[in-house]
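> Sequence and predicted structure are below.
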Amino acid sequence: MSEAKTLVRKFFDNFQDIDYITSILAEDATLFVNGQIPGCGLMVGRQAILDQWFGVIKENLKMDTITMEFKRVFEDKNTVIVESASKSFTKDGRPYNNTYTFFFEIEGNQIKAFREYPDTEYASRVLFPTSDV
């Protein structure tokens, strides 16, 4: 497995370890999450990603239950594309099992940028059932 693929795998394997995630996100990293629900949009900078994206995740899911299964992984130079499925539980104990495609751009031993394409209809229905989003 290449260094870029290994870094992305470690990102998901250590998802609950915010210190580790912080160490592999570039200071000026960017994240774009496709959709119109909380946690979606463009985030610029490591701290914005931690506050906004991880904030929504921590607010809604039991962090220690999150696992990510890789379905397919592709690599082209410094870009790693992952088709994946998550399994976890919401804070109130309901299953939350979503599907995703991620695009990671790796620079050195850090994540410089990534994009997430989740099933936002499913996320909205399970995480925000009374919301108008």
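The structure has been received and is ready for your questions. Numbering: from 1, shown residues only.

> What does Asn14 show for phi and psi?
phi -110, psi 30 (degrees, to the nearest 10).

> Name all residues that make contact with it.
Tyr20, Ile21 (Cβ atoms under 8 Å, 6 or more residues apart in numbering). Where C-beta positions appear, they are placed from N, C-alpha and C, glycine not excepted.

> could you pull out the strands for the chain?
25-33, 41-44, 67-76, 79-89, 95-96, 99-107, 110-118 (DSSP state E).

> Make JSON lines out of these and add mean pLDDT.
What follows is the strands of the chain, written out as JSON lines (pLDDT from 0 to 100):
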{"stretch": "strand 25-33", "mean pLDDT": "98"}
{"stretch": "strand 41-44", "mean pLDDT": "97"}
{"stretch": "strand 67-76", "mean pLDDT": "93"}
{"stretch": "strand 79-89", "mean pLDDT": "96"}
{"stretch": "strand 95-96", "mean pLDDT": "96"}
{"stretch": "strand 99-107", "mean pLDDT": "97"}
{"stretch": "strand 110-118", "mean pLDDT": "97"}
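
> Quick one, which of these gets closest to Lys10.
Closest of these to Lys10 is strand 110-118, at 10.3 Å (criterion: Cβ to Cβ).

> Now the closest one: buried residues?
Gln110, Ile111, Ala113, Phe114, Arg115, Glu116, Pro118 (16 or more other Cβ atoms under 10 Å).

> Next: stretch 28-42.
Ala29, Thr30, Leu31, Val33, Gly35, Ile37, Pro38, Gly39, Cys40.

> Right, I'll call it a day here.
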